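Q: Predicted coordinates and the sequence they were generated for:
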Amino acid sequence: MRVLLTHPGAELYGSDRMAASAAESLVAAGHEVVAVLPLEGPLEQLLIASGAEVVILDLPVLRKALLRPAPFLGLVAGMARTLLRASRLIRRERIDVVYTNTITQPWWTFAARLCRRPTLVHVREAETEIPVIAQRVLLSPLALADSIVANSNSTRRHVETRGVGAKSKTKTKTTVVHNGKDWDKYYRSPYDPGVAMPNLVLVGRLNPRKGPDVAIRALKRLVDDGLDANLTLVGSVYPGYEWFEDELRTLASDLDVADRIEFVGFQSDPTAFLERASIVLVPSRVEPFGTVAAEGMAAARPTVVTDIDGLAEIVDSDEVGLKFPVGDDRELAQRCADLLRNPDLAARIAVAGQHSVADRFSLEAYRRGVVTAVLETYERKRRS
């Protein structure tokens, strides 16, 4: 079977790596994978290494910048050409199933329908912070999908509540496949609570959703409380969003903690930074799953996350990690202080978190779930 795997980026953040893992899983199961990216980037080589053929096709990706009036009108005006290009590729490559990774390129679902190909959408977003009507519009293309995969139970609830056609009174077309990885590579050394300078580490794209500003404010509270700590921000902004990094640097300067914060930019392999962490922070305001939380736990580092969405599924008890209310830098600072002042507690959480991730989010389960979902989508369409 030939599977078209579409993905909206070419970097190596969480969803990018999950796309490569999905491709590798399908190839290992004996299928041919054509992966489509809108631009070149490091993900391209990872996909090729997985056994996929890669095609670069510059189709638009839904970002907030495109929702302003002028860009949105341009998007609508070019929709016919977008659908034509997508449909041509589906037919040219003799695709059997279209597997769309994330909801930010809904035109692939429309094009698959036009070409009468079964389509599966892997939903990794839960845009709960935007107006309800906007949520419904964003999820509306899922009504045309034959199958939906959600990356967490939180995402599934969002899809079934706000989406159209994702669930009827008698059945649902949405299944949950949690992200999974080879977690062994994240563990590089045992947790050492006795480091001279506590280092808080946040890995993820720099944007308001990920809450780096919350981490900076929490660092200020820790310093004011007499704890000599640093913060490392591992990630970069989307092109065109450089203003947000400028805001973060200004905030750090205004709070007089700029000399305690290191902006290291995007890192294709963040494991060395996780190893340096005294605490891994995931202060996201929205997080349908939150792979970086699992990565921090797999590295055997105590991890503190926002008590929301998929993060609460990963850190499902105080034994494996700590949680705090969304946007509350005071409570985040308190959780960090509890860990820094109680090294035995921190060590217990680090070990328990590592075991929890290995048990619940295995790479094998993820691969099996992806392959099964694609096959069932194909068979369901063929029988209908």
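A: Structure received.

Q: CA only for contacts and neighbour counts going forward, please
A: OK.

Q: so where's this structure shaky on pLDDT?
A: Filtered on pLDDT under 70, the chain yields the residue ranges 64-69, 165-171, 196.

Q: quick check: longest helix of it.
A: Longest helix in the chain by number of residues, with DSSP state H as the criterion: helix 363-383.

Q: So which bits of it are buried?
A: Using 16 or more other CA atoms under 10 Å as the test for burial, helix 363-383 gives 363, 366-367, 369-371, 373-374, 377-378.

Q: from the residues you listed, which single one is nearest residue 96?
A: Taking CA to CA as the measure, residue 96 sits nearest to residue 378 out of the buried residues of helix 363-383, at 7.5 Å.

Q: quick one: contacts for the closest one?
A: Remark: with contacts taken as CA atoms under 8 Å, 6 or more residues apart in numbering, residue 378 is in contact with 96-97, 118.

Q: how does it look with 6 Å?
A: Applying CA atoms under 6 Å, 6 or more residues apart in numbering, we find residue 378 in contact with residue 118.

Q: right, and residue 11 touches residue 43 too?
A: Yes - here residue 11 lies in contact with residue 43, judged by CA atoms under 6 Å, at a distance of 5.3 Å.

Q: between those two, who's got more neighbours?
A: Counting neighbours by other CA atoms under 10 Å for residue 11 and for residue 43 shows that residue 43 has the greater number, 23 against 19.

Q: Now the phi/psi pair for residue 181, please.
A: In terms of degrees, to the nearest 10, the main-chain angles of residue 181 are phi -140, psi 170.

Q: Doesn't residue 33 belong to a strand?
A: Yes - following the definition DSSP: H, G, I helix; E, B strand; the rest coil, residue 33 is counted among the residues of a strand.

Q: Enumerate every residue touching it.
A: Residue 33 makes contact with 2-4, 52 under the criterion CA under 6 Å, 6+ apart.

Q: Quick one: the residues you listed as TSV, columns for secondary structure, distance to residue 251 and neighbour count too.
A: Written out in TSV, the entries for the contacts of residue 33 read as follows (DSSP: H, G, I helix; E, B strand; the rest coil; distance: CA to CA, whole Å; neighbours: other CA atoms under 10 Å):
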residue	secondary structure	distance to residue 251	neighbour count
2	strand	50	17
3	strand	46	25
4	strand	44	28
52	coil	43	25
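
Q: and these as CSV, adding distance to residue 312?
A: Below are those laid out as CSV (distance: CA to CA, whole Å):
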residue, distance to residue 312
2, 36
3, 33
4, 32
52, 34
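
Q: which one of those is nearest residue 337?
A: Proximity of the contacts of residue 33 to residue 337 was ranked by CA to CA; the top entry is residue 52 with 46.3 Å.

Q: Once you drop chain neighbours, what's closest to that closest one?
A: On the basis of CA to CA, 6 or more residues apart in numbering, the spatially nearest residue to residue 52 that is not a chain neighbour turns out to be residue 33, at 5.0 Å.

Q: what's near enough to touch residue 119?
A: 97-99, 145-146.

Q: Would you mind naming the residues that bridge with the nearest residue to it once chain neighbours are set aside?
A: The spatially closest residue to residue 119, leaving aside those adjacent along the chain, is residue 98, at 4.7 Å (CA to CA, 6+ apart). Residue 98 forms beta bridges with residue 4, residue 119, as assigned by DSSP bridges.

Q: Settle this for me: residue 98 is touching residue 2, isn't it.
A: No - if you go by CA under 6 Å, residue 98 and residue 2 don't touch, sitting 8.9 Å apart.

Q: From residue 260, how far off is residue 215?
A: For residue 215, the distance to residue 260 under the criterion CA to CA, to the nearest Å works out to 12 Å.

Q: So the two - more neighbours on which side?
A: Neighbour count, other CA under 10 Å: between residue 215 and residue 260, residue 215 has more, with 27 against 17.

Q: Show me which residues of the helix or strand containing the more buried one are buried.
A: Secondary-structure element containing residue 215, defined by DSSP states H and E: helix 212-224. Judged by neighbour count (16+ other CA under 10 Å), helix 212-224 contains these buried residues: 212-222.

Q: Reformat those as TSV; add distance to residue 249.
A: Putting the buried residues of helix 212-224 into TSV (distance: CA to CA, whole Å) gives the following:
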residue	distance to residue 249
212	11
213	10
214	13
215	12
216	10
217	12
218	15
219	14
220	13
221	17
222	18
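
Q: From residue 220, how far out is the residue lying farthest from the centre of the chain?
A: Outermost residue of the chain with respect to the C-alpha centroid, by CA atoms, centre = their mean, is residue 226; its distance is 34.5 Å. According to CA to CA, residue 226 and residue 220 sit 10 Å apart.

Q: Thank you kindly, that will do.
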